[in-house]
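Asker: A structural model of the following input is requested.
(2 chains)
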Amino acid sequence: MDIAIQAEGLRKRYGGKEIKNALNGVDLIVPAGTVFGLLGPNGAGKTTTVRILATLLTADEGEASVAGFDVRRQSKEVRRRIGLTGQYAAVDERLTGRENLRLIGTLYHLGKTATRARADELLELLDLTDAANRAVKTYSGGMRRRLDLAASLIAEPPVLFLDEPTTGLDLTSRLTLWDVIRTQVGRGVTVLLTTQYLEEADQLADRIAVIDDGAVVAEGTPDQLKDRVGDDRMRVTAAKVEDLTQLTKVLGRFTSDQPLVDEEQRTVSVPMTDGIGGIASVAAELAAAGIPVSDFQVSRPSMDEVFLSLTNKAATRPVNEGAAA
Amino acid sequence: MTVFLSDLYAIAGRHVHHLVRLPEKLIGFTVMPVAMVLGLGILFGGSMRISGGGEYGAYVAAGVITVMAVSTVAVSALGVVDDLQDGMFDRLRSLPVDRTAVLLGRALVDSLPVAMSIVGVLPAAWIAGWPLGLGVPEVLAAMGLELLLGVGCSSLGVFIGLTIRNAEAVTSVVPVCLLPLTFLSDAFVPLDGLPGWLRTLASWNPVTAVTRTVRDLLGAPSAVTEMSFPVRHAPLIAVSFCLVLTVVAILAATRAYDRAGTVR
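Answerer: As a prediction, the model looks like this:
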């Protein structure tokens, strides 16, 4: 198995006491031709990791190689083999879409004919042909993002870094991007994807690393991560927000762990125990306590719950792996 | 080397597109110096006495062009801050492009509007009746020197933009730093009224050297009364300053460029 991206003990500190975005020893191994999802809250260090691997930043400590080249000592070789799509659409506002792609193709030293052909092909693929001769400043957010992705694909790099490529996009644009990313993977491209959308990681990634406070706190396939949180969960939604504390207390009796509380949704969830019998006793207890319930569900853990239980919140509300199994 | 040149060409092409798409910059560099030369020449022309004779309007024309060349510091610094903030520098830094080409390409194109300043000022001064010797080779040489100063100052601006990284800070810091450079020169006022030590300082000022050289090329009055070393060697001082400034600023800027990857 070829390794496309490898990182060992990456550390990065920013000046001052600021710990946001810092890395405290990140290890990653991404086999060639797979999609690796880097998942974590804002400031966890996802972007810092990508920037180090894409040679934009130098790590204080640790080693990393991309496509077989060391990111520090052979950065130019790395840059020939990567495409980067950042959180902020990095295209030139005043150039047209086509001019942007041609400029970037030229800077990859593709040669004039290849650059032109490839630019037109990508404009077509990303549905930008009609807007190709318009200045990018007239583009919508989704069009810009698609152009940014096209820019990172123009040299057909074997390794793609996508830093929150769909943040803030509407569903159609997101689906288009997912489609393009899947096509790239089909051609053997390795993708490192950071996202805040758990669904995106679930949909696209072969493996996911959950990163929090600058370290990888869990890694595995989406299913393995869901298993770590446990089997099916019971999800109860209180009708009134003031009942939330009481609801948490009642459900707490059915688990040895802390229930997961989503205050915005007024939902409390616990691992399901005793099958149908468990559901019946929870229902009976809720009726006895006189808590009005607007919804009661049993389902597999969502990526949200995986995320909540693995990231920072896990420290205050630990999830015991064995209890639910 | 071919890679460097092709990168330089591509990057310069990008900035030329900007110049054409945003003609305000070119127009500004043409209209502003014309207004300054006419305004200063007419307002102060009566009360300014140029030792050795000549019209103040003709005297100040070269000074205004030089000041326009110096002002490219701010233009380039702001352009770089823009590129840093909208992620364009991240894009460029992730490509296998020569970093010197990225920075020099901008400096070269950012200095081009200075040529427009000359194109505007010379006819304006001539029409206003301030005799300038407009021989083609001399005008081209003057334009070349002002462009060279523009490249040096743009390079400095690129370095400042990469270091300060904030548009507001650039607009407040850069003019303050440039003020002594332009006012402590003979761009606007002849030096013979200055006390001795200040006159020495001002005559060594590269802005003075460039302005004097351009005045000589254009046959404009220069108000020089003593042939001191910096006066005799103004062209040499002017050209070497511009070259050294360009090289030093671009080298410093490439170092700053390597560190430009901090998470915002």
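
Asker: just the residues of the stretch 201-325 of chain A that are near chain B, which are they?
Answerer: Applying C-beta under 8 Å from any C-beta of the partner chain, we find that the stretch 201-325 of chain A lies next to chain B at no residue. Quick note: C-beta positions are derived from backbone N, CA and C, even for glycine.

Asker: distance of the closest residue to chain B within the stretch 201-325 of chain A from residue A:42?
Answerer: Residue of the stretch 201-325 of chain A nearest chain B, by C-beta to the nearest C-beta: residue A:214 (12.0 Å). For residue A:214, the distance to residue A:42 equals 13 Å [C-beta to C-beta, to the nearest Å].

Asker: Work out which residue lies at the spatial centre of chain A.
Answerer: residue A:195 (2.5 Å; C-alpha atoms, centre = their mean).

Asker: Just list whatever residues bridge to it.
Answerer: Beta bridges link residue A:195 to residue A:39, judged by DSSP bridges.

Asker: How is chain A divided into domains?
Answerer: Here the domain parsing of chain A from automatic domain parsing is A:3-226, A:232-299.

Asker: Okay, helices next: where are they in the stretch 201-325 of chain A?
Answerer: Using DSSP state H, counting those that start in this stretch, the helices found in the stretch 201-325 of chain A span residues A:222-229, A:244-252, A:275-289, A:303-310, A:313-316.

Asker: most distant residue from the middle of chain A?
Answerer: Max distance from the centre of chain A (C-alpha atoms, centre = their mean): residue A:288, 42.2 Å.

Asker: So for residue A:214 and residue A:42, which sits in the more crowded spot?
Answerer: residue A:214 (24 against 9; other C-beta atoms under 10 Å in any protein chain shown).

Asker: Quick one: the strands in the stretch 51-200 of chain A, in order.
Answerer: Taking DSSP state E, counting those that start in this stretch, the strands of the stretch 51-200 of chain A run over residues A:61-66, A:69-70, A:82-85, A:159-163, A:190-195.

Asker: Need the winner for burial among the domains of chain A.
Answerer: The highest mean neighbour count among the domains of chain A, using mean count of other C-beta atoms under 10 Å in any protein chain shown, belongs to domain A:3-226: a mean of 20.

Asker: Give me the distance from that domain to the chain's centre.
Answerer: Distance of domain A:3-226 from the chain centroid (C-alpha atoms, centre = their mean, to the nearest Å) equals 11 Å.

Asker: now do the same end-to-end measure for it.
Answerer: The straight-line separation of the ends of domain A:3-226 (C-alpha to C-alpha, to the nearest Å) is 25 Å.

Asker: So for that domain, mean pLDDT?
Answerer: Mean per-residue pLDDT for domain A:3-226: 91.

Asker: same deal with stretch B:47-62?
Answerer: 90.

Asker: Which positions in that stretch come out as buried?
Answerer: Buried residues in stretch B:47-62, counted by 16 or more other C-beta atoms under 10 Å in any protein chain shown: B:48, B:50, B:54, B:55, B:56, B:57, B:58, B:59, B:60, B:61, B:62.

Asker: I'd like those residues as a markdown table, with distance to residue A:141 and secondary structure appended.
Answerer: As requested, these are exported to a markdown table (distance: C-beta to C-beta, whole Å; DSSP: H, G, I helix; E, B strand; the rest coil):
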| residue | distance to residue A:141 | secondary structure |
| --- | --- | --- |
| B:48 | 56 | coil |
| B:50 | 59 | coil |
| B:54 | 59 | coil |
| B:55 | 57 | coil |
| B:56 | 55 | helix |
| B:57 | 52 | helix |
| B:58 | 54 | helix |
| B:59 | 54 | helix |
| B:60 | 50 | helix |
| B:61 | 49 | helix |
| B:62 | 49 | helix |
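
Asker: Nearest to residue A:6 among those?
Answerer: Set against residue A:6, the nearest of the buried residues of stretch B:47-62 by C-beta to C-beta is residue B:62 (60.6 Å).

Asker: contacting residues around the closest one?
Answerer: Contact partners of residue B:62, counting by C-beta atoms under 8 Å, 6 or more residues apart in numbering or on different chains, are B:142, B:187, B:211, B:214, B:215, B:218, B:220.

Asker: residues near the fifth one, how many?
Answerer: It refers to residue B:215. For residue B:215, the neighbour count with other C-beta under 10 Å is 26.

Asker: my guess is it contacts residue B:222, does it?
Answerer: Yes. Assessed by C-beta atoms under 8 Å, residue B:215 is found in contact with residue B:222 at 4.6 Å.

Asker: So for the two, which residues contact both of them?
Answerer: With C-beta under 8 Å, 6+ apart as the test, residue B:215 and residue B:222 both reach residue B:59.

Asker: Nearest to residue B:42, out of the domains of chain A?
Answerer: The minimum distance between residue B:42 and these falls on domain A:3-226, with 37.5 Å, by C-beta to C-beta.

Asker: Excluding chain neighbours, what is closest to residue B:151?
Answerer: residue B:111 (4.6 Å; C-beta to C-beta, 6 or more residues apart in numbering or on different chains).

Asker: so what's that neighbour scoring on pLDDT?
Answerer: Confidence for residue B:111, expressed as pLDDT, is 97.

Asker: Was I right to think it contacts residue B:158?
Answerer: No. Checked against C-beta under 8 Å, the pair residue B:111 and residue B:158 is beyond contact range at 11.1 Å.

Asker: between the two, which one's more packed in?
Answerer: Between residue B:111 and residue B:158, counting by other C-beta under 10 Å, residue B:158 is the more crowded of the two (30 against 25).

Asker: quick check, the more buried one in a helix?
Answerer: Yes. Secondary structure of residue B:158 (DSSP: H, G, I helix; E, B strand; the rest coil): part of a helix.

Asker: mind putting the strands of the stretch 51-200 of chain A in JSON lines, distance to residue B:106 included?
Answerer: Formatted as JSON lines, these follow (distance: least, C-beta to C-beta, whole Å):
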{"stretch": "strand A:61-66", "distance to residue B:106": "28"}
{"stretch": "strand A:69-70", "distance to residue B:106": "28"}
{"stretch": "strand A:82-85", "distance to residue B:106": "21"}
{"stretch": "strand A:159-163", "distance to residue B:106": "25"}
{"stretch": "strand A:190-195", "distance to residue B:106": "30"}
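
Asker: right, and those strands - which one's nearest residue B:182?
Answerer: It's strand A:82-85; of the strands of the stretch 51-200 of chain A, that one is closest to residue B:182 (C-beta to C-beta) at 41.5 Å.

Asker: quick one, phi/psi of residue A:111?
Answerer: Torsion angles at residue A:111 (phi, psi; degrees, to the nearest 10) stand at phi 90, psi 150.
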